[in-house]
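Enquirer: no letters, just coordinates:
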């Protein structure tokens, strides 16, 4: 699924270990994407070509009741050479941002925002082989292993890669994460932009809903991350919501799939403008997830961040103290009392 970007270019991500008595509670992770770290080219200058959220922005969303931040960044900046060391300066920026998010009581979902590519080389293709992808995740996992409130999202929106090939890459990354002793919750996307609307369709090399059941995690501590927008083609590139009904049906369909297969999901990206049809669709999507907390761990809205233009229709970044209508809806949806989530599986389990 193509997502709405600017300046260049449902959260299912959360690590839940529910007790049986909490299984039907509303999703425990409710939050936003704080965009900025993925902007620009790999050689961009921090503060000029890309940025990370300030404490002021982080604090705003914490006060609005958000409990998770999905944090996008570029793989190539963090690991300038495949199989090489992580860049110390970029790693520090990410760690500092994670620290601020945790300081304000929210979990953070680490999101290499690369669409299944390293530079212009598709994952699974030399030199960006499955082993290289696994190496990256081993190095990153070591830095955040078993830190409370830190979740691992394998990759933003892989596309143009066969579902079977993507499954191999995802399983390679999962093996690497577990091999270094990290017990953090892992969010696993599908191919074809990880679209909820096409989850059970054979878009390229098999349906996600069939192929991705082949995910193998020694700890069995993962969830599926899907994305869904409300515009006419589910791309998140139009300011109107002719696709609102289809989007609601897509989330209902994934809900049924999760329940049938005894899996968990996270709506990692979704968004819409503030018109009547959009707001109605968003309300129905929230309602579906809230009523099915046994299937959904949570959601993260796309998007916010200091560099988002004020006229961006999906933007929920506050401007001059004004709250966006979508943010009011997010905040109201976050008020429902939720069960507890664990971001790290206890040792020995």
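Expert: Ah, there it is. What you are looking at is a predicted structure, and each value in this text was computed from that prediction instead of being measured.
Enquirer: using the three-state scheme, assign residue 225.
Expert: Here residue 225 is recorded as strand under DSSP: H, G, I helix; E, B strand; the rest coil.
Enquirer: isn't it up against residue 194?
Expert: Yes: with the criterion set as C-beta atoms under 8 Å, residue 225 and residue 194 qualify as a contacting pair; they are 6.1 Å apart. Where C-beta positions appear, they are placed from N, C-alpha and C, glycine not excepted.
Enquirer: pull up the overlap in contacts between those two.
Expert: Residues touching both residue 225 and residue 194 (C-beta atoms under 8 Å, 6 or more residues apart in numbering): residue 268.
Enquirer: longest strand in this structure, by number of residues?
Expert: Scanning the chain for the longest strand, with DSSP state E as the assignment, gives strand 296-304.
Enquirer: what is that strand packed up against?
Expert: Counting by 3 or more C-beta pairs under 8 Å, 6 or more residues apart in numbering; DSSP states H and E, the packing neighbours recorded for strand 296-304 are strand 29-34, strand 68-73, strand 265-269, helix 276-290.
Enquirer: distance from the chain centre to the next helix or strand after the second one, please.
Expert: To tie it back to what came earlier, the one meant is strand 68-73. On the C-terminal side of strand 68-73, the closest following helix or strand by DSSP states H and E is helix 75-78. Relative to the chain's own centre, helix 75-78 is displaced by 17 Å; criterion: C-alpha atoms, centre = their mean, to the nearest Å.
Enquirer: what packs against helix 75-78?
Expert: Counting contacts by 3+ C-beta pairs under 8 Å, 6+ apart, the secondary-structure elements packed against helix 75-78 are helix 88-103.
Enquirer: quick one: mean pLDDT for the helix it packs on?
Expert: Mean pLDDT, helix 88-103: 98.
Enquirer: may I see the buried residues of it?
Expert: The neighbour-count criterion (16 or more other C-beta atoms under 10 Å) identifies 90-91, 93-94, 97-98, 100-102 as the buried residues of helix 88-103.
Enquirer: report all helices and strands that that helix contacts.
Expert: Contact here means 3+ C-beta pairs under 8 Å, 6+ apart; on that basis helix 88-103 packs against helix 55-63, strand 68-73, helix 75-78, strand 107-112, helix 130-144.
Enquirer: please enumerate residues in contact with it?
Expert: By C-beta under 8 Å, 6+ apart, the list of residues contacting helix 88-103 from outside reads 37, 46, 52-53, 55, 58, 69, 71, 73, 77-78, 107-108, 110, 143-144, 147-150.
Enquirer: what angle do helix 55-63 and that helix make with each other?
Expert: Relative orientation of helix 88-103 with respect to helix 55-63: 40 degrees, computed using axes from the mean of the first three to the mean of the last three C-alpha atoms, to 10 degrees.
Enquirer: related to what we said a few turns ago, now the angle between strand 29-34 and the longest strand of the chain, please.
Expert: Going by the same axes, to 10 degrees, strand 296-304 is angled at 20 degrees with respect to strand 29-34.
Enquirer: now do the buried residues in stretch 206-217.
Expert: 206-209, 211-212, 215, 217.
Enquirer: good, wrapping up.
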